[in-house]
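Engineer: Just a sequence and a predicted model for now, questions to come.
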Amino acid sequence: QLQVVESGGGLVEPGGSLRLSCAASGFRLDYYVIGWFRQAPGKEREGVSCIANSDGKAYYADSVKGRFTISTDKAENTVYLEMNSLKPEDTAVYYCAAGAGHVATMVSETWYEYWGQGTQVTVSS
């Protein structure tokens, strides 16, 4: 069974850091794109970042550029989202998603095939 599972969310003060994990099982990441999305209360889900594991290129939403870093550990079959300089507006449920193939830009959530259950990130003092 193909699935992705997020972990690493929590409560952090503004300016702090968190690292989210997206562990894949039932498939190898090498030919998949992993995307991170987030949904804040009362708002639509939005794309945060994605990585095309076929060539290792990463893409970011403007709102997180320079603060978030996405990476893949192929040995662990896990994608990480390192989040620094967190702001209260980063508070949301964060989801990872997997889609087979290659992308050269951020793509819509409809492109992805498999979704995790989400992990809560709360940025507050």
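Structural biologist: Arrived safely, thanks for sending.
Engineer: so which strand or helix has the most centrally placed residue in the chain?
Structural biologist: Nearest to the geometric centre of the chain sits W36, at 2.5 Å (Cα atoms, centre = their mean). Of the helices and strands defined by DSSP states H and E, W36 is found in strand 32-39.
Engineer: likewise V64?
Structural biologist: Counting by DSSP H and E, V64 is part of no helix or strand.
Engineer: Next, the residue nearest to it when sequence neighbours are not counted: secondary structure please.
Structural biologist: In this structure, V64 finds its nearest non-sequential neighbour in V48, 5.7 Å apart by Cβ to Cβ, 6 or more residues apart in numbering. Where you see a C-beta, it was placed from the backbone N, CA and C, and this is true even at glycine. Under DSSP: H, G, I helix; E, B strand; the rest coil, the three-state class of V48 is strand.
Engineer: separation between the nearest residue to G9 once chain neighbours are set aside and A104?
Structural biologist: Nearest non-adjacent residue to G9, counting by Cβ to Cβ, 6+ apart: T119, 3.4 Å away. Remark: distance between T119 and A104 (Cβ to Cβ, to the nearest Å) = 27 Å.
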